[in-house]
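Trainee: Below: sequence and its predicted model.
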Amino acid sequence: MKAVTIERGASEVTVRDVPDPTLGSGEVLVRTLRVGIDGTDREVIGGTHGGYPAGEEYQILGHEAVGVVEDPNGTASDTGQLVVPTVRRPPPGTDTNAYFQRGEPDMAPDGAYVECGIAGAHGFMSEYVASPAEFLVPVPDSFAEYGFLVEPISNTEKAVEHALATRSAFEWAPETAFVLGNGPLGLLALALFTQDHGPYERLRRSYCLGRRDRPDPSIDIIERLGATYVDSRETPVPKFPAAHESADLVYEATGHASHPFEAVSALAPNGVAALLGIPDDWEIEIDAGRIHRELVLENKALFGSVNSNVSHYESACESLERMPEWFFDALVTDVYSPDEAADAFADDTNAIKTVIEFDTL
Ligand code: NDP
Ligand code: ZN
């Protein structure tokens with residue numbers, strides 16, 4: 001079958017024939033429909049994040065997928081069911097561990113998991129995927145086109161759950177959110193924060209940081225979502241409160257190394273900043289005393305969040321159903337065939353979310 005891969009030592013993707021998956025006990029065969037591309041895939045290709053499956057000369061890329069059950073192989077899955085696979089798996093040679101047994105693989109430390117398409121395991125950019133049934137989240141047929149967004153949305157669902165947990169000891173009524181980063185992860189988070197629903201119901205104003213000139217399709221999306229675009233070249237993060245207002249919730253999705261520390265001064269008292277970006281090593285100078293003092297004297301919180309579990313996928317499905325159709329049309333700028341994978345990964349400032357389509361429902 002055809003797969004989009006990164007060969008050991010290469011810096012560009014290759015489309016190659018790989019062996020068809022063989023199904024182990026409890027494994028389901030999934031026919032891949034669409035696989036999204038994000039900043040993490042580029043970091044994997046660049047060699048700054050993740051790593052190859054042990055003993056393999058290549059890695060199949062892709063961790064944001066939607067597909068359809070082709071062969072349930074004796075599991076409770078139904079043929080024809082649309083599914084989204086989760087990303088983490090127990091390490092090779094192990095069936096499970098305490099994190100997976102608790103349904104919290106997203107909290108597993110390094111060494112207790114591999115990540116499909118990212119770290120130590122093949123991903124989903126192939127015509128077929130074999131996956132244990134327990135790692136497939138059923139989604140409605142209406143998700144055939146945009147169900148691959150469930151995975152990146154689930155990362156934000158997790159981050160928000162943890163943000164709320166850090167503030168759960170007192171009455172917290174967040175009114176303003178500041179998303180750092182206008183890439184796909186930031187824009188998806190902004191689409192959640194601007195929903196008048198659940199934890200976002202009381203959010204009155206949202207802002208999104210970028211460093212692009214107008215006209216730019218990501219700025220159009222920010223404004224159409226009802227949020228305010230903040231250009232970091234004019235308003236660096238520490239100047240945000242003076243230019244606009246302090247934020248109760250900061251969501252960092254730039255991977256820019258100074259942003260976590262600058263976010264502390266962008267926060268309102270009692271605010272919380274969720275960090276999701278994954279930078280390479282990057283040394284900067286900071287006033288550690290000031291940041292430390294502000295965190296303490298203003299009861300602020302700063303935490304990191306990675307990956308997500310099935311409960312976050314389920315919340316993401318509900319959130320995705322509430323997102324307007326225009327948002328998907330604007331966010332998903334390019335759909336490529338597997339043979340065009342090199343183009344799909346090429347840098348294009350007008351592209352926001354790029355997807356590889358293997359098949360349709
Ligand atoms: P992108 O690289 O596509 O997006 C990052 C965005 O941040 C870009 O639009 C970039 O702008 C913008 N940006 C970077 N630096 C600045 C700056 N100084 N000022 C203003 N804007 C800036 O990645 P994604 O959206 O896919 O993901 C974001 C980050 O989150 C990545 O590091 C990724 O690895 C990580 N990630 C983490 C997850 C988790 O679970 N923790 C899940 C998924 C992704 P421009 O394009 O103009 O340079
Ligand atoms: Zn991702």
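Mentor: Received it, and whenever you're ready, just let me know what you need. Numbers count the residues shown, from 1 in each chain. Ligands and ions are numbered 1, 2, ... in the order given.
Trainee: all contacts plus neighbour counts: C-alpha atoms, from now on.
Mentor: Noted.
Trainee: Remind me which helix or strand the most centrally placed residue in the chain belongs to.
Mentor: The chain has residue 152 as the residue nearest its centroid, 3.0 Å off, counting by CA atoms, centre = their mean. Secondary structure assignment for residue 152, by DSSP states H and E: helix 150-166.
Trainee: Convert that helix to PDB, retaining C-alpha atoms only.
Mentor: Extracted in PDB, the C-alpha atoms of helix 150-166 (Å, rounded to 0.1, in the frame of the first residue of the first chain):
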ATOM      1  CA  VAL A 150     -10.800  15.900  16.300                       C
ATOM      2  CA  GLU A 151      -7.200  15.100  17.300                       C
ATOM      3  CA  PRO A 152      -5.900  18.700  17.300                       C
ATOM      4  CA  ILE A 153      -9.100  20.000  19.000                       C
ATOM      5  CA  SER A 154      -8.700  17.300  21.600                       C
ATOM      6  CA  ASN A 155      -5.300  18.700  22.600                       C
ATOM      7  CA  THR A 156      -7.100  22.000  23.400                       C
ATOM      8  CA  GLU A 157      -9.900  20.200  25.300                       C
ATOM      9  CA  LYS A 158      -7.300  18.600  27.500                       C
ATOM     10  CA  ALA A 159      -5.400  21.900  28.100                       C
ATOM     11  CA  VAL A 160      -8.700  23.700  29.000                       C
ATOM     12  CA  GLU A 161      -9.700  20.900  31.400                       C
ATOM     13  CA  HIS A 162      -6.300  21.200  33.100                       C
ATOM     14  CA  ALA A 163      -6.500  25.000  33.100                       C
ATOM     15  CA  LEU A 164      -9.900  24.900  34.800                       C
ATOM     16  CA  ALA A 165      -8.600  22.300  37.300                       C
ATOM     17  CA  THR A 166      -5.800  24.700  38.400                       C
END
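Trainee: For that helix, what is the distance to the chain centroid?
Mentor: With CA atoms, centre = their mean, to the nearest Å as the basis, helix 150-166 stands 10 Å off its chain's centre.
Trainee: after it, next one along is what?
Mentor: Using DSSP H and E, the helix or strand that follows helix 150-166 towards the C-terminus is strand 176-180.
Trainee: Which residues does the helix or strand hosting residue 34 contact?
Mentor: Residue 34 belongs to strand 27-37 when elements are defined using DSSP H and E. Counting contacts by CA atoms under 8 Å, 6 or more residues apart in numbering, the residues outside strand 27-37 that touch it are 21, 23, 62-73, 75, 77, 124-133, 144-145, 148-149, 345, 353-361.
Trainee: in it, what's buried?
Mentor: Of all the residues in strand 27-37, those buried under the rule 16 or more other CA atoms under 10 Å are 27-37.
Trainee: can I get these in JSON lines with distance to residue 309?
Mentor: Written out in JSON lines, the entries for the buried residues of strand 27-37 read as follows (distance: CA to CA, whole Å):
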{"residue": "27", "distance to residue 309": "19"}
{"residue": "28", "distance to residue 309": "19"}
{"residue": "29", "distance to residue 309": "21"}
{"residue": "30", "distance to residue 309": "20"}
{"residue": "31", "distance to residue 309": "22"}
{"residue": "32", "distance to residue 309": "21"}
{"residue": "33", "distance to residue 309": "22"}
{"residue": "34", "distance to residue 309": "21"}
{"residue": "35", "distance to residue 309": "19"}
{"residue": "36", "distance to residue 309": "19"}
{"residue": "37", "distance to residue 309": "20"}
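Trainee: Enumerate the positions of stretch 217-231 that are buried.
Mentor: Neighbour counts using 16+ other CA under 10 Å place 217-219, 221-222, 225, 227-231 of stretch 217-231 among the buried residues.
Trainee: Which secondary structure elements does the helix holding residue 152 sit against?
Mentor: Under the contact criterion of 3 or more CA pairs under 8 Å, 6 or more residues apart in numbering; DSSP states H and E, helix 150-166 touches strand 64-71, helix 184-193, strand 267-275, helix 310-322.
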